[in-house]
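>>> got a predicted structure plus its sequence, pasted below:
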Amino acid sequence: MVINFKLIDSLNHILQSPLRSCGSRVLLEPIPAGYGRKAGNTPDKTPKVFRRGRNPENPRRQKLRSIRYKQEQSVMDSGPEGPCSELVAQERSGHTAVVVENRLYVWGGYMSVGEEEVFLPNYEMWVYDLERGIWDVFNMTGELPPPMSGTCGCSLDGDMYIFGGCDYSGQTNQIYCVSLTDSKYTWKKIIYKSGRAPSPRDKLSCWVYNGRLIYFGGYGHKLLADVDCRNRSFIIDEASWLTDIYWGWNNEVHMFDPMNASWRQPETHVRLLVFRAAPRLLELPMPAAYLDVEATSAEVESWKPGGATFTAWTWNHGRGQKCMYVTERVPVSASPEGRSWHTLTAVSDSSLFLFGGLRLDCKPMSDGWLLDVETKKWREVDHNFKNKPRLWHTACPCKDSDVIVFGGSCDYILRVDTGHCNDTLIFQMQPHPLFRICKDFIAKNVRKHKVLRSQLTLLPPSLLTAVQSRMYFYRPSNKQTN
C-alpha cells in the first residue's frame, strides 16, 4: 500500500488551521459557479404576454400567458479543459421550490420582459444538483397545472404537491402532485373525494405533518354567501370587489390528506391570527409542535405597523385530531423589523433562519436572523449577501443544515418589477462534517496545486468519485464569487 504523505500533509494543514467560528458569526458560503444570467442573452422568441394582476376582473389588470426562456452561460467544467454551454434557470419570483435527495427542484413563478410580466413555462422542472452545482431542465407531462405564481409547494415521500396560486384566470384552489424520484416528471391533478376545498387563493403557506398537508392564509376571492364577518376568517379588501365576489385575506387553516384525498378544516382555539398574505410557516422536528414565525404583523397591501412576532401551533392528538391550539410567543430580545415576502427555514431542532423580505417602507431587505425557539431570542446574522436583497424568493433546508436561497426580486415588485434574480445563495449555518471539509478542500484546490492534482488518483475509489463530482461545483466561472 502506497501512503501519500503529501496529500495527508495537505489535509492536515487545513485541519490544523483555525476553523471559522459559529458562535458569533454564522458561516456562509456562496455558490461559486453556475448561476447568473449571461450578458446579452435574449429570449428565443418574441413573447406574447399579458399583464399580471391580483384581480383578473379588474379592467386595469389583464391575464398572463406563459413564455419559454432559455439561457446559457460559458463555464469551465471539471472534465474537458474547455468551456461548455451550461443551462441556467431563468430569473423568477413567486415560484415554488423543494429539496429532495440533495437536489433543488424549481417550478413556476413569473418574471419581467420589458414592461410586461410573464409566467415561466408550466412544462419545465428545473433541477439544481447541490453536490455538483449544475442546473438541468426536464420536460413535464401528464395533467399539467397552468402556468402560475404564488402557488404553495411542499414535498412528501419524494412527491411535490402544489396548491393554489394565481394563473391566467386568477386565483385557483386546485391541487397537483408530481413524483420527483422516478425521473418521469408526470403531473397528476388530484380530485378530492370528501370534504370541502379551500376557496381560491395565492401567496399562502403550508407545512407537512404526519402525512398530511396543512395550509394557512393567502389572498383570494369568495362569494358573498361564503363570507362570515363574525369570525374574521376572511378580511375583505375594500379596494377589490365586484358585485357578489369579494377579494381579501384568509385567516383559515385547512388540512389535506393525500392518502384518502380528503379536505378538512381543523378547529382552532385560543386566538385568531392577524390575517396574512405571504406568511411563512414551517414544521420543527419535535412532537406535535409547529411554528409560524412571522416577521410581520402587516401585509404589503395594508401596511399596518407592528413588531415581529411568532406563533406556536400545537396539534391535539386526541378526539380524532380535530383541534389545533394557537398561542402567540413574544420574543424576549431585539426583533427583526416587520416585513412580508420573507422566508423562514428550520436549521436545527430549535433554530429558525429568517432571510430577506419587504420592509414596511417598501424597501427590499437582505438581513438574516436566527431565532432560538426555546429561549425566544432573536440574533442577527452577519453574512456575505448584504448586497443581495430578496423578496418572494424560496429558501430550502439541505444537507448539513445549509440553507439554499434561489430567485426572488430585489425590487419592490408592486411598483418596479424588473429586479428578478436567478442566483443561488448557500448559507452555511454550522460547521460541516470533517469528511465534507476534506472533500471540499481537495475539490476546490486540485486545479491550482500540481502535486495535489498528480496524486488525486491515489485516493480510494469511493472518495475519488465523490471528489470528482464535487469538482464540478468549484469549476472556474466568470460569475464566481469568493
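Structure received. Numbering: from 1, shown residues only.
>>> what's the end-to-end length of stretch 364-374?
Counting by C-alpha to C-alpha, to the nearest Å, you get 29 Å between the two ends of stretch 364-374.
>>> and stretch 393-405, by the same measure?
OK, stretch 393-405 end separation, C-alpha to C-alpha: 7 Å.
>>> buried residues of that stretch, list them for me.
393, 394, 395, 396, 397, 398, 401, 402, 403, 404, 405 (16 or more other C-beta atoms under 10 Å). Bear in mind the C-beta positions are built from the backbone N, C-alpha and C, glycine included.
>>> possible to save those residues as CSV with distance to residue 261, pLDDT and secondary structure?
What follows is these, written out as CSV (distance: C-beta to C-beta, whole Å; pLDDT from 0 to 100; DSSP: H, G, I helix; E, B strand; the rest coil):
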residue, distance to residue 261, pLDDT, secondary structure
393, 31, 95, coil
394, 27, 96, strand
395, 30, 96, strand
396, 26, 96, strand
397, 28, 95, strand
398, 30, 94, coil
401, 34, 92, helix
402, 35, 95, coil
403, 33, 96, strand
404, 31, 97, strand
405, 33, 97, strand
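>>> those: which two are farthest apart?
Largest separation among these by C-beta to C-beta: 393 and 401, giving 19.0 Å.
>>> pLDDT (mean, whole number) over stretch 350-366?
The predicted model assigns stretch 350-366 a mean pLDDT of 91.
>>> rewinding a little: closest to residue 455 among the buried residues of stretch 393-405?
Looking across the buried residues of stretch 393-405 and measuring by C-beta to C-beta, the closest to residue 455 is residue 402, at 29.3 Å.
>>> list the contacts for the closest one?
29, 426, 427, 428, 429 (C-beta atoms under 8 Å, 6 or more residues apart in numbering).
>>> just list whatever residues bridge to residue 98.
In this entry, residue 98 is beta-bridged to residue 105, by DSSP bridges.
>>> how far away is residue 134 from residue 253?
39 Å (C-beta to C-beta, to the nearest Å).
>>> swap that for residue 209, please
12 Å.
>>> of these two, who's got more company?
Neighbour count, other C-beta atoms under 10 Å: between residue 209 and residue 253, residue 253 has more, with 21 against 15.
>>> the residue nearest to the more buried one when sequence neighbours are not counted bridge partners, please.
Closest residue to residue 253 apart from its sequence neighbours, by C-beta to C-beta, 6 or more residues apart in numbering: residue 216 at 5.2 Å. Here residue 216 shows beta-bridge partners residue 205, residue 253, assigned using DSSP bridges.
>>> in the chain, which spans are helices?
5-16, 434-445, 450-454, 461-471 (DSSP state H).
>>> neighbour-wise, which one of the contacts of residue 402 leads?
residue 427 (25 neighbours).
>>> show me the beta-bridge partners of it.
residue 403.
>>> check residue 371 too.
Beta bridges link residue 371 to residue 352, residue 378, judged by DSSP bridges.
>>> what's the neighbour count on it?
Residue 371: 26 neighbours (other C-beta under 10 Å).
>>> I'd say it and residue 377 touch.
Yes: if you go by C-beta atoms under 8 Å, residue 371 and residue 377 touch, sitting 7.4 Å apart.
>>> give me the number of residues near the residue nearest to residue 412 when sequence neighbours are not counted?
Take residue 412 and drop its neighbours on the chain: the residue closest to it by C-beta to C-beta, 6+ apart is residue 362, 4.5 Å away. Neighbourhood size, residue 362 [other C-beta under 10 Å]: 14.
>>> distance of residue 362 relative to residue 429?
Per C-beta to C-beta, residue 362 is found 29 Å from residue 429.
>>> for residue 114, same thing?
Per C-beta to C-beta, residue 114 is found 39 Å from residue 429.
>>> go on, residue 196?
Residue 196 is 40 Å from residue 429, by C-beta to C-beta.
>>> try residue 465
Counting by C-beta to C-beta - residue 465 and residue 429 are separated by 27 Å.
>>> likewise residue 404?
11 Å.
>>> now residue 122
33 Å.
>>> burial measure for residue 175, as a count.
25.
>>> try residue 441
As a burial measure, residue 441 scores 17 neighbours (other C-beta under 10 Å).
>>> what pLDDT does it get?
pLDDT, residue 441: 93.
>>> ok, the one 3 residues further on next?
What the model reports for residue 444 is a pLDDT of 92.
>>> can you check residue 208 too?
91.
>>> show the contacting residues for it.
154, 155, 156, 214, 283.
>>> filter the residues you listed down to the ones in strands?
Taking DSSP state E, the ones among the contacts of residue 208 that sit in strands are 154, 155, 156, 214, 283.
>>> list just the nearest of those residues to residue 343.
Looking across the ones in strands among the contacts of residue 208 and measuring by C-beta to C-beta, the closest to residue 343 is residue 154, at 13.8 Å.
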